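Colleague: I'll drop the sequence and a predicted model, then ask my questions.
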Amino acid sequence: MNKIEVQAADQQIFCVRHWPHPAPRARLQILHGMAEHCERYQPLAEFLHQHGVEVIAHNHRGHGERGPAGHFADQDGWNKVLADVSTAQQVGNPQVPLFLLGHSMGSFIARSWAARHGERLQGLLLSGSNQQPPGLFYLGRSVAWLLQRLQGGQHLSGVMNWLSFAAFNKPFQPARTGFDWLSRNPRAVDQYMGDPQCGHLCSLQLWQDVFGGLIEISRPASARQIPATLPLYLFGGDMDPVGRLGQGLPALAQLFAHTGHDKVTLRLYPEGRHEMLNEQNASDVFNDLLQWLNQQLPA
């Protein structure tokens, strides 16, 4: 894995992780989730590399080495994060088909980006995602806005963290840790908890940015902007609280069916939690993902 510096549209310098391949069949870009970082996806990147897929990944603003921690930007953070996705694509082989994989918050970013630039993609993969009416997102954005008036946009909010995540562990009581909702694999949970770049709080402005993005992508109009012929792969666990315990991904598949997307693959893993790429059956998840990728490529 190499680290290659690129310059964002606003002149910020950031690193793209690159797993090059001498003769790639495809290029996969990974977008990580909230309060984690892209190097957690190294096992998947190495697996795909062994099968002829070049991989690129970068940390979103406010994540990994990109400070301040938990904060996209003071203004227009969502659009700056989307622009970084395009900038990162400067790395790697532009002559092979490009696939975009987003996990959790990264899946929301991926959907928003694909609505703007989906013609550049050969396929869109969404992990640990969700779909629901935007009412709750409007409420969350309003709460974050009110708190920002009192505490400032860069304030790292324990209140928003509690409101968003406090209930996630309830289905898994008695829980060993506060993050059992991530995976049934205790080693993966312990690694997450022991990683100083994981589990951090996020700023009130970031929460407003994310809720604004969720409001956008929850509308059928946004889904219609994604090319109807683009192959879509939706996967997650049926015990993922982000995906409303198996309801969110089928609702997303139904949305895409309603908007004319006829190449949608939905895979729900029984008993799987939020991070299927770090689950007890991660090898099955990797192989299923690779099989889907192979189906989208010329023989």
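Modeller: Here it is on my side, so go on. Residues are numbered from 1 along each chain as shown.
Colleague: the longest helix in the protein is where?
Modeller: When the chain is parsed with DSSP state H, its longest helix is helix 135-151.
Colleague: Compute the number of surrounding residues for V91.
Modeller: 23 (other CB atoms under 10 Å). Glycine gets a C-beta too; all of them are placed from N, C-alpha and C.
Colleague: Can you classify it by secondary structure?
Modeller: Local secondary structure at V91 is given as coil here, using DSSP: H, G, I helix; E, B strand; the rest coil.
Colleague: per-residue pLDDT, it?
Modeller: According to the model's per-residue confidence, V91 sits at a pLDDT of 97.
Colleague: and it, backbone torsions?
Modeller: Reported as degrees, to the nearest 10, the phi and psi values for V91 are phi -90, psi 140.
Colleague: Isn't it up against W19?
Modeller: No - taking contact to mean CB atoms under 8 Å, the distance of 10.4 Å between V91 and W19 leaves them out of contact.
Colleague: Which residues are in contact with each of these two?
Modeller: A shared contact of V91 and W19, defined by CB atoms under 8 Å, 6 or more residues apart in numbering, is any residue touching both; here these are I56.
Colleague: these two touch, right, R244 and S129?
Modeller: No - checked against CB under 8 Å, the pair R244 and S129 is beyond contact range at 10.7 Å.
Colleague: What distance do you get for V16 to L232?
Modeller: Here V16 is placed at a distance of 24 Å from L232 (CB to CB, to the nearest Å).
Colleague: how about the helices of this protein, start to end?
Modeller: The residue ranges that make up the helices of the chain, judged by DSSP H, are 42-50, 77-88, 105-117, 135-151, 158-165, 186-193, 204-217, 220-225, 248-258, 282-296.
Colleague: Compute the inter-axis angle for the last one and helix 42-50.
Modeller: Think helix 282-296. 40 degrees (axes from the mean of the first three to the mean of the last three CA atoms, to 10 degrees).
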